[in-house]
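Chemist: Output the structure for:
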Amino acid sequence: MTDFNQPISGNDLARFSGPNTFMRLPQATSLEGLDVAILGVPMDIGTSWRSGTRFGPKQIRAESAMIRPYNMTSGAAPFDSLNIGDIGDLAINTFSLSDSLRIIQESYAAILTGDVIPVAMGGDHSITLPILRAIAGKYGPVALVHVDAHADVNDDMFGERETHGTVFRRAYEEGLIVPDKTYQIGLRGTGYGSEDFKEAQRWGFQHFPASELWHRSLHGLGAEIRRDIGNRSVYVSYDIDSLDPAYAPGTGTPEIGGLTTPQALELIRALRGLNIVGCDMVEVSPPYDTSGNTALTAANLLYELLCVLPGVETK
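Modeler: All right, here's what the predicted structure looks like:
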């Protein structure tokens, strides 16, 4: 039996000590032998409102020390099925958004030369565009499950075309995603006009507004999306502001009336069986997260994403 990397047990070393890696996994200095590479992208120079997401990866890692390796609900044991390592943070240029996006894309292209699934902790949502460029460079246009309060399809923001609010318009224009296999879940809030969401729907994007999901289980929605995507390669981008700020206040652009944490768990667990080739968790802003609950929630949702990656067995 292959020996895979395992998180340090809280029964062997107190959870408030040990390495500041995701779930206290070994710090990986090489991609060799890894099935999954967890990495941080500590950046917030692409955001338009509250900053602080540059501290997201560090805080998500800190809160992840509480998570145990076996999923009591789904039976998934990701660390017994895949070799997972934390490869640290990308060395972005904190003074240049354009250069940082270049660094992210080139770093991902290098990661994807091997048979590795990258799992990113942001960082603001602008990190997803260069990630998708690299992902599409390997797999071609991918299906997209995008969970977010915002569609992020602005044409520009203050004249800039690459920001956290323009990601999926650029991805559509550049042919990085399959329009009719793009699912935007949890959309809500106010807009500048009726076209804010409707234009993307004309491209083929499928929208599931939060108000239509209130008081509903999302297991069925997740299963429907899974059937619709089939065997196609899929990327999952999870913005923590998809959750109601009652559950995740520590984020850059909070909107009331969002998803609940049980709904988030149902949705992710229903994606099991998809050919997920990468995923991210973005927009965690610790300065607005006084209790640590937002980062704790993000860490647990990242763990749930690990549990539905291809190759994970249940026990």
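Chemist: Secondary structure class of the residue nearest to His207 when sequence neighbours are not counted, three-state.
Modeler: In space, and not counting its chain neighbours, His207 is closest to Gln184: 5.3 Å by CB to CB, 6 or more residues apart in numbering. For every residue, glycine as well, the C-beta is placed using N, CA and C. Assigned with DSSP: H, G, I helix; E, B strand; the rest coil, Gln184 falls in the strand class.
Chemist: how many neighbours does Gln184 have?
Modeler: 25 (other CB atoms under 10 Å).
Chemist: Same question for Val178.
Modeler: Neighbours around Val178, by other CB under 10 Å: 18.
Chemist: need the contact list for it.
Modeler: 141-144, 232 (CB atoms under 8 Å, 6 or more residues apart in numbering).
Chemist: how close does it get to Ala171?
Modeler: 10 Å (CB to CB, to the nearest Å).
Chemist: again with Pro179
Modeler: Between Pro179 and Ala171 the distance is 10 Å, computed by CB to CB.
Chemist: same question, Leu144
Modeler: 8 Å.
Chemist: Look at these two and report which has more neighbours.
Modeler: More neighbours surround Ala171 than the other of Leu144 and Ala171, with 28 against 25 (other CB under 10 Å).
Chemist: I figured the more buried one hits Ile177, correct?
Modeler: Yes: Ala171 is within contact range of Ile177, at 4.9 Å (criterion: CB atoms under 8 Å).
Chemist: Which neighbours do those two have in common?
Modeler: Residues touching both Ala171 and Ile177 by CB under 8 Å, 6+ apart: 132, 144.
Chemist: follow-up on the earlier one: so what pairs up with the residue nearest to His207 in the strands?
Modeler: For Gln184, the beta-bridge partners under DSSP bridges are His146, His207.
Chemist: Can you read off the pLDDT for it?
Modeler: pLDDT, Gln184: 98.
Chemist: ok, now the one 3 residues further on?
Modeler: Looking at Leu187, its pLDDT reads 97.
Chemist: what's it sitting at in phi/psi?
Modeler: phi -60, psi 140 (degrees, to the nearest 10).
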